[in-house]
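Trainee: Structure, please.
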Amino acid sequence: MMAFRTLDDLGDVRGKVALVRVDLNVPMQDGRATDLTRIEAVAPTILELADAGAKVLLLAHFGRPKGERSSTLSLSLVQGAVEAVLGRETMYISELAGPIVQQSLGIMRPGDIGILENTRFWAGEEKNDPELAKAIAANGDFYVNDAFSAAHRAHASTEAIAHLLPAYAGRAMEKELKALDAALGNPEKPVAAVVGGAKVSTKLAVLEHLVGKVQHLIIGGGMANTFLAARGVDVGKSLCEHDLAKTAEAILDTADQAGCTVHLPYDVVVAKEFAANPPSLRTCNVHEVAADEMILDIGPQATEALADVLKTCRTLVWNGPLGAFETPPFDTATVALARTAAALTREGSLVSVAGGGDTVAALHHAGVAADFSYVSTAGGAFLEWMEGKELPGVAALTS
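Mentor: Next up, the predicted model:
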């Protein structure tokens, strides 16, 4: 486990200024936040620091303003949602650094919370500009990063600043890093990984990294068709990247050498058109797909076999659905396997970690998100972690 400092390593913080990087990039509709998950995730860190008497300044980005001020992307728009989740008043501060921030700190009392303006209004943020980081750091006594979802980007507010002040992981970041370590860093073996989604091309690096790390690799979604085609199966009209056949073969060879079993479906659910409950729906052996049919989900026998695989495993990492889960009945395999994983987690025989937007949606759809050991809401950062890449925002907390 990589060593990083947490809030437990902080001494007395009363009257000190905490610069806390959080993810407030929430979806908005008609000027209101429609999903508060990200704010709820960082609330424990903010409240813990405020209750200990620190003056808390929140650093966050919102949308993609590309280094320009934009009234529609001001963090003042999120202030109401933050206050609703925290149950406290906050102060919106229209700058990121400099005298206005200093004056605001002069008014704030220990335990008060301020929201600094959108970090991406300054061009230096995305360039990881040391001068911008210095200007931000000048108003703080210590830095806390609680935004794992932004940890894969080396930005001034995630990376450069962590070298200028004593840096700590917030509670959400700490939880995420411990969960990821349990899943792939130092997992209990055997480990299974479910990797689904439409295209192999978007998950190539993930697959190449995982075959050397896990004992069972379960491939689903449109990606499975590319692997089936590489093995000589005629997949009809299915979504398939035929030009990646050689790459798929190379991944299968590497898996063989590493002692990793790759699981591809041997029965599938097919239809002639992609629509909810189409009349042409049928289940067949993978070698019986007609030229005018497309594979839209894994079949019941393969799903049952995968459930049996999970029963032999101690750890599961999940990213991506097994079928076209947004359209019934092509959510059947994903829901069934997710429920198996949830049941095994509840009885204590499996550590299950899942992440990525589609995956989170699929687990909520199956009604089991709360039963997994850990569900990461980070998209890009979770994928890069699955690729085995070092995340700059995390690395900066350990140096």
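
Trainee: only C-alpha atoms for contact and neighbour calcs from this point on.
Mentor: Noted.

Trainee: could you say what helices and strands the lowest-mean-pLDDT helix or strand in the chain packs with?
Mentor: Lowest mean confidence among the helices and strands of the chain (mean pLDDT, DSSP states H and E): helix 380-386, at a mean of 84. In terms of contacts (3 or more C-alpha pairs under 8 Å, 6 or more residues apart in numbering; DSSP states H and E), helix 380-386 is packed against helix 204-210.

Trainee: After the least confident helix or strand of the chain, which helix or strand is next? Please name it.
Mentor: helix 392-398 (DSSP states H and E).

Trainee: what about stretch 371-384, distance to the chain center?
Mentor: Relative to the mean C-alpha coordinate of its chain, stretch 371-384 is positioned 3 Å out (C-alpha atoms, centre = their mean, to the nearest Å).

Trainee: Stretch 80-100 now?
Mentor: Relative to its chain's centre, stretch 80-100 lies at 26 Å (C-alpha atoms, centre = their mean).

Trainee: Might you report the residue contacts of residue 14?
Mentor: 52-55, 110 (C-alpha atoms under 8 Å, 6 or more residues apart in numbering).

Trainee: Quick check on it: phi, psi?
Mentor: In this entry, residue 14 is assigned phi and psi values of phi -60, psi 130 (degrees, to the nearest 10).

Trainee: likewise the one 3 residues further on?
Mentor: Torsion angles at residue 17 (phi, psi; degrees, to the nearest 10) stand at phi -100, psi 120.

Trainee: So what sits opposite it in the bridge?
Mentor: Note on residue 17: beta-bridge partners residue 55, judged by DSSP bridges.

Trainee: hang on, residue 162 in a strand?
Mentor: No - under DSSP: H, G, I helix; E, B strand; the rest coil, residue 162 falls outside any strand and is assigned helix.

Trainee: Could you give the number of residues near the nearest residue to it once chain neighbours are set aside?
Mentor: Leaving aside its chain neighbours, residue 162 sits nearest to residue 396 (5.8 Å; criterion: C-alpha to C-alpha, 6 or more residues apart in numbering). A count of neighbours around residue 396, defined by other C-alpha atoms under 10 Å, yields 20.

Trainee: Going forward, count from 8.
Mentor: All set: I'll call the first residue 8, so the last point we hit is now residue 403.

Trainee: wait, doesn't residue 403 sit right on residue 172?
Mentor: No - the pair residue 403 / residue 172 is not scored as a contact, 10.9 Å apart, by C-alpha atoms under 8 Å.

Trainee: low pLDDT regions in the stretch 258-406 of the chain?
Mentor: 406 (pLDDT under 70).

Trainee: quick one, helices of it?
Mentor: Applying DSSP state H, counting those that start in this stretch to the stretch 258-406 of the chain gives helices spanning 307-318, 339-353, 364-372, 387-393, 399-405.

Trainee: can you check the stretch 8-157 of the chain too?
Mentor: 44-58, 86-93, 106-114, 137-144.

Trainee: send the alpha carbons of the second one over as CSV?
Mentor: Extracted in CSV, the C-alpha atoms of helix 86-93 (Å, rounded to 0.1, in the frame of the first residue of the first chain):
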residue,chain,number,x,y,z
GLN,A,86,-23.2,27.2,-3.5
GLY,A,87,-26.9,26.5,-2.7
ALA,A,88,-26.4,22.8,-3.3
VAL,A,89,-23.2,22.7,-1.2
GLU,A,90,-25.0,24.5,1.7
ALA,A,91,-28.0,22.1,1.5
VAL,A,92,-25.7,19.0,1.8
LEU,A,93,-23.5,20.5,4.5
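
Trainee: quick revisit: may I see the helices of the stretch 258-406 of the chain organised as TSV, with distance to residue 84 added?
Mentor: Compiled in TSV, these are given as follows (distance: least, C-alpha to C-alpha, whole Å):
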stretch	distance to residue 84
helix 307-318	44
helix 339-353	36
helix 364-372	24
helix 387-393	25
helix 399-405	26
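
Trainee: ok, now which ones touch residue 115?
Mentor: residue 62.

Trainee: can you pull the pLDDT of it?
Mentor: With respect to pLDDT, residue 115 scores 98.

Trainee: Outline the domain layout of this protein.
Mentor: 14-179, 194-393 (automatic domain parsing).

Trainee: starting at the chain centroid, how far to the first one?
Mentor: Which is domain 14-179. Centroid displacement of domain 14-179 relative to its chain, using C-alpha atoms, centre = their mean, is 20 Å.

Trainee: Now the terminal residues of it, how far apart.
Mentor: Taking C-alpha to C-alpha, to the nearest Å, domain 14-179 runs 11 Å from one end to the other.

Trainee: count of neighbours near residue 298?
Mentor: 12.

Trainee: re earlier: and the least confident helix or strand of the chain, what's buried?
Mentor: By 16 or more other C-alpha atoms under 10 Å, the buried positions in helix 387-393 come out as 387-391, 393.

Trainee: was I right about residue 274 contacting residue 308?
Mentor: Yes - assessed by C-alpha under 8 Å, residue 274 is found in contact with residue 308 at 6.5 Å.

Trainee: dump the residue contacts of residue 353.
Mentor: With contacts defined as C-alpha under 8 Å, 6+ apart, residue 353 is in contact with 378-379.

Trainee: For it, give its distance to residue 40.
Mentor: In terms of C-alpha to C-alpha, residue 353 sits 32 Å off from residue 40.

Trainee: Please apply the same query to residue 309.
Mentor: 41 Å.

Trainee: What's the local residue count around residue 23?
Mentor: 18.

Trainee: do the same with residue 84
Mentor: 17.

Trainee: What's the separation between it and residue 69?
Mentor: From residue 84 to residue 69 the distance is 10 Å (C-alpha to C-alpha).

Trainee: do residue 96 as well
Mentor: Separation of residue 96 from residue 69 (C-alpha to C-alpha) stands at 20 Å.
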